[in-house]
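Q: one predicted model, sequence on top.
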Amino acid sequence: MESSSSMSSTVLVVIFFFLSTSLSLYFHGGEAAVVIVSKDGDGDFRSVSEAIEKAPEFSDEPYTIQVRSGTYNEYVVVRPEKTNIKLVGEGPTQTRIVGSLHGTTLDVRGDGFVAENIGLLNSAGLKASAAVTVRNEAKNSIFFQCSIEGFQDTLWAVAGRQFYKNCDIYGTVDFIYGNAAAVFQDCNLYARYRPYVTFTAQSRDSPDENTAFAFQHCHFTMAPEDAAMKSKVRATLGRPWRPYSTVAVIDSFIDSMVDPKGWEEMQGQPTDRVTYVEFNNYGPGSNTSGRVNWPGVRVLNDPNEAQPFTASALLDADSWIPDKGIPYN
């Protein structure tokens, strides 16, 4: 008969072996999973795309893909059947996914998607008429502590309920656009140098749609590397891509390169049906006395008027964001 000490040692070895190997295992059939992507080959996959393609389909549980430091030059597609993918990097400057003019860097179509601590970049540059870094049409998707870098048309928020928290988003013309119900909290909206910059082009097409872009506790300012060019830039907060374009800027800093008129026309689109509201903003560009005289451009004076643009109201956030473990206001 083995001594109790020998049996204890055996049990400890078994436990250690289980713990040391379980992190690199992944499971199918709807169970939670964690897999590792590493460029040097010491993870489960060498590319983000491969890890997503091997994920289970229509999963009700989070499938976590930990992406180690490195630059991953690829075009990543999260297909509709790849639900509840969670992509976790080691920081926006350490883990970077980079595409170029020839494709969208990250195309998200699977509901429940979460990206955390990742840098996303389209490197096409100023000469490209449009170069999408993130295209997102997923329901109940979150980007947390991410950097989304591009020039024109950086973030295409196509549809669905979307939440962006503590993110840095860089661009030039219409660099946040689309018809999602999207809330941005504590984000930096960084204008890159170009004589003319437009932060948003929201495309609500009907009064019956419940879509809008809402910015809360955000900074509308110049990209740090272009700060010296601020006086040579004329920016507007947005322009209507569709007739019922809806944007709210709340409790946010608006820098001096934002034109006093605030908002801009888009050729071929009416301006009499838009909803562009501002509430309790500050900074040298926040003076609303010179804003365009369109019926739907308003300064809100009552916090209750701003309530429809909160995450809880616009996104029904209380019903799904707590399950993701991401903080929100």
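A: Nice, thanks for sending it over.
Q: show me the contacts for Arg234.
A: Pro195, Tyr196, Val197, Met257, Asp259 (CB atoms under 8 Å, 6 or more residues apart in numbering). The C-beta positions use only the backbone N, C-alpha and C, and glycine is treated the same way.
Q: give me the number of residues near Ser319?
A: Counted with other CB atoms under 10 Å, the burial measure for Ser319 works out to 11 neighbours.
Q: typo on my end, Glu81
A: The tally of other residues near Glu81 (other CB under 10 Å) stands at 13.
Q: contacts only, for it.
A: By CB under 8 Å, 6+ apart, the contact set of Glu81 is Glu57, Phe58, Gly110.
Q: in terms of helices and strands, where is it?
A: With elements delineated by DSSP states H and E, Glu81 resides in a region that no helix or strand encompasses.
Q: give me the distance between it and Asp60.
A: In this structure, Glu81 lies at 13 Å from Asp60, with CB to CB, to the nearest Å as the measure.
Q: so Ala51 sits in a helix?
A: Yes - counting by DSSP: H, G, I helix; E, B strand; the rest coil, Ala51 is found in a helix.
Q: for Thr83, what are its contacts?
A: Remark: with contacts taken as CB under 8 Å, 6+ apart, Thr83 is in contact with Glu57, Phe58, Ser59, Asp60, Gly110, Asp111, Gly112.
Q: so what's it scoring on pLDDT?
A: Thr83 carries a pLDDT value of 98.
Q: does it count as helix, strand or coil?
A: coil.
Q: how close does it sit to Asp60?
A: Counting by CB to CB, the gap from Thr83 to Asp60 is 8 Å.
Q: how about Glu53?
A: 19 Å.
Q: which of these two has more neighbours?
A: Glu53 (14 against 11).
Q: pLDDT score for that one?
A: Here the pLDDT value assigned to Glu53 is 97.
Q: repeat that for the one 5 residues further on.
A: The predicted local confidence for Phe58 comes out at a pLDDT of 98.
Q: can you check Leu19 too?
A: Leu19 is assigned a pLDDT of 39 by the prediction.
Q: list the contacts for Ala130?
A: Gln152, Asp153.
Q: just say helix, strand or coil for it.
A: Assigned with three-state DSSP, Ala130 falls in the coil class.
Q: sec struct for Tyr289, please.
A: No Tyr there; residue 289 is Ser. Using three-state DSSP, the structure places Ser289 in coil.
Q: spatially nearest residue to it, not counting backbone neighbours?
A: In space, Ser289 comes closest to Pro260 once its chain neighbours are excluded; the distance is 7.5 Å by CB to CB, 6 or more residues apart in numbering.
Q: the one you found: neighbour count?
A: The number of residues packed around Pro260, counting by other CB under 10 Å, is 11.
Q: quick one: residues contacting it.
A: With the criterion set at CB under 8 Å, 6+ apart, Pro260 makes contact with Gly285, Asn287, Ser289, Gly290, Arg291.
Q: neighbouring strands - and their directions - for the helix or strand where Lys86 lies?
A: Per DSSP H and E, Lys86 falls inside strand 85-88. The strands that strand 85-88 pairs with in its sheet are strand 63-67 (parallel), strand 114-116 (parallel) (by DSSP bridges).
Q: right, and the ones you listed - which one's nearest Gln152?
A: When the strands paired with strand 85-88 are compared by CB to CB, strand 114-116 sits nearest Gln152, at 21.6 Å.
Q: any idea how far the closest one is from the chain center?
A: Average the C-alpha atoms of strand 114-116, do the same for its chain, and the two points are 9 Å apart (CA atoms, centre = their mean, to the nearest Å).
Q: other residues contacting that strand?
A: 62, 85-89, 106, 141-146, 324, 326.
Q: for this structure, which spans come out with low pLDDT?
A: Across the chain, residues meeting the criterion (pLDDT under 70) sit at 1-32, 127-129.
Q: how about the helices in it?
A: 4-22, 48-53, 303-306, 311-314, 321-324 (DSSP state H).
Q: can you tell me how far Leu120 is from His217?
A: In this view, Leu120 and His217 are 22 Å apart by CB to CB.
Q: who has more neighbours, the two?
A: Using other CB under 10 Å, the more surrounded residue of Leu120 and His217 is Leu120, with 28 against 13.
Q: please tell me how far the more buried one sits from Tyr164.
A: Separation of Leu120 from Tyr164 (CB to CB): 12 Å.
Q: what's the overlap in contacts for the two?
A: Cys146.
Q: for the residue nearest to Thr271 when sequence neighbours are not counted, give me its contacts.
A: In space, and not counting its chain neighbours, Thr271 is closest to Trp294: 4.7 Å by CB to CB, 6+ apart. Contacts for Trp294 were tallied using CB under 8 Å, 6+ apart; they are Trp263, Thr271, Asp272, Val274, Tyr276.
Q: what about burial for these, which qualify?
A: Among these, those classed as buried by 16 or more other CB atoms under 10 Å are Trp263, Thr271, Val274, Tyr276.
Q: among the residues you listed, which two are most distant?
A: Within the buried ones among the contacts of Trp294, two members stand farthest from each other by CB to CB: Thr271 and Tyr276, at 9.4 Å.
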